[in-house]
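In: just need the structure, nothing else, for what follows:
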Amino acid sequence: MSEDTRNPAEQPDASASVSPEASAPAPEDIAAQFAAEKERLEAEIASLKDKFLRAFAEADNVRRRAEREVADAKVYGITGFARDVLTVADDFERALAAIDADARAKAEGTLKTLLDGIDLTSRALTQTLTKHGVAKIEPEGAKFDPNLHQAMFEVPNTEIPSGTVVQVVQPGYTIGGRVLRPALVGVSKGGPKAAPVETPAAQD
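Out: All right, here's what the predicted structure looks like:
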């Protein structure tokens, strides 16, 4: 019997000659692949975590900024209106100051009613301004502060510390802690040097 006509069962199996160990990847190769994949996934997770934290921080900043803007709008939204109303308050105060105490005490009838009405209206206006965060600056006797006061003139006086507010020409006002209008004042000159004004620490 020739080799060509040999029973197929007797033919040598080429595939049987390949060892299973030779076709399967080595354990160290599998471990290296797992390690590389693990490293890739960890890097991807870290990147996603970083993006999430950045997005969260930005959203928090936007929220805080919006809250601050809303709060500022509530406090300072009437700034222009309040500044205009101050001229009315000044007119009331000047009208009352124009009448000395004796003349007012002697006022009767219509004049007394008019003066009382001006006084009540002035007080009501001041209360309304206070209700909306507008506070009066009355610095007489205080150390001159350029952040709150505007010096109109100097008054020579050796007995009073130099730089002391000795006269208020026009009261100032603040709104929510910010200067709405500085007080117009007269400042002493020639006396001993006054203690420096303490500047409030800046707030974040």
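
In: tell me the pLDDT at Gln11?
Out: Note for Gln11: predicted pLDDT of 56.

In: and Pro8, by the same measure?
Out: At Pro8, pLDDT is 53.

In: then Val75?
Out: pLDDT, read off for Val75, is 74.

In: disregarding flanking residues, what is the spatial nearest neighbour of it?
Out: Gly176 (3.8 Å; C-beta to C-beta, 6 or more residues apart in numbering). No exception for glycine: its C-beta is placed from N, CA and C like everyone else's.

In: gap between that neighbour and Ile160?
Out: 32 Å (C-beta to C-beta, to the nearest Å).

In: so between the two, which is more surrounded?
Out: The neighbour comparison of Gly176 against Ile160 (other C-beta atoms under 10 Å) goes to Ile160, with 19 against 15.

In: please settle this for me: is that one part of a strand?
Out: No. According to DSSP: H, G, I helix; E, B strand; the rest coil, the state of Ile160 is coil, so it is not within a strand.

In: quick one, strands of the protein?
Out: Listed in chain order, the strands of the chain (DSSP state E) span 134-137, 149-156, 165-170, 172-175, 178-181, 183-189.

In: average pLDDT for the fourth one?
Out: Here strand 172-175 scores 94 as its mean pLDDT.

In: pairing partners for that strand, with directions?
Out: Using DSSP bridges, the strands paired with strand 172-175 are strand 134-137 (antiparallel), strand 178-181 (antiparallel).

In: just name the most buried of those strands.
Out: Each of those was assessed for mean neighbour count using mean count of other C-beta atoms under 10 Å. The highest is strand 134-137, with a mean of 18.

In: just to revisit the earlier point, need the contact list for the residue nearest to Val75.
Out: Residues in contact with Gly176, defined by C-beta atoms under 8 Å, 6 or more residues apart in numbering, are Val75, Tyr76, Gly133.

In: hang on, the earlier thing: nearest to Arg65, of the strands paired with strand 172-175?
Out: Comparison of these against Arg65 by C-beta to C-beta identifies strand 178-181 as nearest, at 18.6 Å.

In: so for the closest one, mean pLDDT?
Out: Rounded mean pLDDT across strand 178-181 is 93.

In: quick one: it to chain centroid distance?
Out: 16 Å (C-alpha atoms, centre = their mean, to the nearest Å).

In: tell me what the longest helix along the chain is packed against?
Out: In the chain, taking DSSP state H as the definition, the longest helix is helix 27-76. Using 3 or more C-beta pairs under 8 Å, 6 or more residues apart in numbering; DSSP states H and E as the contact test, no helix or strand touches helix 27-76.

In: do that again at 10 Å, thanks
Out: Helix 27-76 sits against strand 178-181, with contacts defined as 3 or more C-beta pairs under 10 Å, 6 or more residues apart in numbering; DSSP states H and E.

In: need the strands paired with strand 172-175 in TSV with distance to Asp90, can you?
Out: Output for these, formatted as TSV (distance: least, C-beta to C-beta, whole Å):
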stretch	distance to Asp90
strand 134-137	11
strand 178-181	10
